[in-house]
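1. based on what follows, work out the 3D shape:
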Amino acid sequence: AEDSSALAARTGLALRPLASLQAAVDSLLAAGAALHTLRDVRPYGGTIDSLTRGAAFAAALGRRTPAPVLRSADAQLDSLRARKSDAELAMLRRAADVTSAALRETIARIRPGMREYEIQASIEHGFRSRGADRPGFATNVSAGRNATVVHHRASDDVAESGALVLMDVGAAWQGYTADITRTVPASGRFSPQQRAVYQLVRDAQAAAERLARPGASMRDLSDTARAVIARGLARMGLIESADASFDPPWVASCAAAPAACRQSNLFYSHGLGHGIGLEVHDPAFAAGPNGPSIAPGDAFTIEPGVYVSRQRLELLPDTPRNRAFVARVREAVARYHGIGVRIEDDFVVTARGIERISTTPREVDEIERLMVTDRADGHREAAPATANAP
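-> Residues are numbered from 1 along each chain as shown. Okay, the predicted model is just below:
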């Protein structure tokens, strides 16, 4: 570890040794200064160690008699991180460019029989070969039924012919991470059932994107995407109707919050999007009259999904209402069983409006064309897709 004089020489900053911190704080307290604390900022998916130097020092101050008044500055820091500068947006664009290119390259290489870790390795090689720091978060490659698990981690399962492959990935560029998800058929062609679910998710994403503009409420975007998905699930017979309810497998008051008890939530069980930046889930959006709203400086994702599995029905509490629901949808769930689709894109907001910065193909015909095109290593014919993912 460098001492303070070496760090000062290297960075050009005025620094003092850590050993002088207590005396400096005591002098500030004696002068009546207010003290502010910041939580330990953690990487996405990590843990906060309560015994870090900062946390231990603040805890020791709190045990003094009389204890000084400590105020949190976390909200102020979050507000600074939420509004990205032009320089930050440029790094996010570069992270999205690298991620998009690596995904495009990998999608063109996918063949039945590849293992999830091989696909992961291709993606991460694409990141590093283009100058990215590292993956911005744990790479998610989910083949077949694994795609119905929202954040399954890449392992050694095989992408069988007829299966879908869901890839939720992001490269970090100088600390700023993209977050893009694509779902593609291992065989190169979507089955009719896969195509129907995929198009439903894409339609929901497009509906939210049409509303995305400075001043728009994120709640409105989310409600719109959720309504599109609910109507589509009803058409497929996966739920009884767009607004049908059930007794959910999670804690909820159906009387106080009816939306939490809609059947559609069983197959679309996460939010529409989140901020991106130094962390893959970064602060974003200012509070408005209708909740968080979009403003210049925001960087965020839009990522609806549908995940169909018989196991989801098995999670339901055994109640008369749920038994009736399961009886009505069991056949449709069996028909679409094992199909999990998520489509996620990255957006930044400037004074000119909303800009999509992720460019990997996302339309059905674009994906199929990419996966069956002549490549340098020879022509690949797409194998016929089976009706259901394995």
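2. for the stretch 251-390 of the chain, what spans make up the helices?
-> Counting by DSSP state H, counting those that start in this stretch, the segments of the stretch 251-390 of the chain that form helices are 310-314, 320-336, 364-372.
3. nearest to Leu89, out of the ones you listed?
-> helix 364-372 (25.9 Å; CB to CB). Backbone N, C-alpha and C define where each C-beta goes, glycine included.
4. buried residues in the closest one?
-> 364, 367-368, 370-372 (16 or more other CB atoms under 10 Å).
5. mind putting the residues you listed into CSV with distance to Ala138 and pLDDT?
-> Below are the buried residues of helix 364-372 laid out as CSV (distance: CB to CB, whole Å; pLDDT from 0 to 100):
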residue, distance to Ala138, pLDDT
Val364, 28, 98
Ile367, 24, 97
Glu368, 29, 97
Leu370, 25, 96
Met371, 25, 95
Val372, 30, 86
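6. Met91 is nearest to which of the helices of the stretch 251-390 of the chain?
-> Of all the helices of the stretch 251-390 of the chain, helix 364-372 comes closest under CB to CB, at 27.0 Å.
7. C-alpha coordinates for the closest one, CSV please?
-> What follows is helix 364-372, C-alpha atoms only, in CSV (Å, rounded to 0.1, in the frame of the first residue of the first chain):
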residue,chain,number,x,y,z
VAL,A,364,-37.3,-12.0,-34.7
ASP,A,365,-36.3,-11.7,-38.4
GLU,A,366,-33.0,-9.9,-37.5
ILE,A,367,-32.0,-12.6,-35.1
GLU,A,368,-32.8,-15.5,-37.4
ARG,A,369,-31.0,-13.8,-40.3
LEU,A,370,-27.9,-13.2,-38.1
MET,A,371,-27.9,-16.9,-37.0
VAL,A,372,-28.2,-18.4,-40.5
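8. what does it rub up against?
-> The contact list for helix 364-372, computed with CB atoms under 8 Å, 6 or more residues apart in numbering, reads 104, 107-108, 110, 182, 184-185, 188-190, 195, 198-199, 202, 361, 380-382.
9. and if you look at stretch 90-105?
-> Against stretch 90-105 from outside (CB under 8 Å, 6+ apart): 84, 122-127, 130-132, 136, 167, 169-178, 180, 182, 276-277, 299, 346, 348, 357-361, 370.
10. now do the buried residues in that stretch.
-> Result for stretch 90-105 [16+ other CB under 10 Å]: buried residues 91-103, 105.
11. so which of the residues you listed belong to helices?
-> When DSSP state H is applied, these are split such that 91-103, 105 fall in helices.
12. now tabulate those residues in JSON lines and tack on distance to Arg231 and pLDDT.
-> What follows is those, written out as JSON lines (distance: CB to CB, whole Å; pLDDT from 0 to 100):
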{"residue": "Met91", "distance to Arg231": "39", "pLDDT": "97"}
{"residue": "Leu92", "distance to Arg231": "33", "pLDDT": "98"}
{"residue": "Arg93", "distance to Arg231": "34", "pLDDT": "98"}
{"residue": "Arg94", "distance to Arg231": "38", "pLDDT": "98"}
{"residue": "Ala95", "distance to Arg231": "34", "pLDDT": "98"}
{"residue": "Ala96", "distance to Arg231": "31", "pLDDT": "98"}
{"residue": "Asp97", "distance to Arg231": "35", "pLDDT": "98"}
{"residue": "Val98", "distance to Arg231": "36", "pLDDT": "98"}
{"residue": "Thr99", "distance to Arg231": "31", "pLDDT": "98"}
{"residue": "Ser100", "distance to Arg231": "30", "pLDDT": "98"}
{"residue": "Ala101", "distance to Arg231": "35", "pLDDT": "98"}
{"residue": "Ala102", "distance to Arg231": "35", "pLDDT": "98"}
{"residue": "Leu103", "distance to Arg231": "29", "pLDDT": "98"}
{"residue": "Glu105", "distance to Arg231": "36", "pLDDT": "97"}
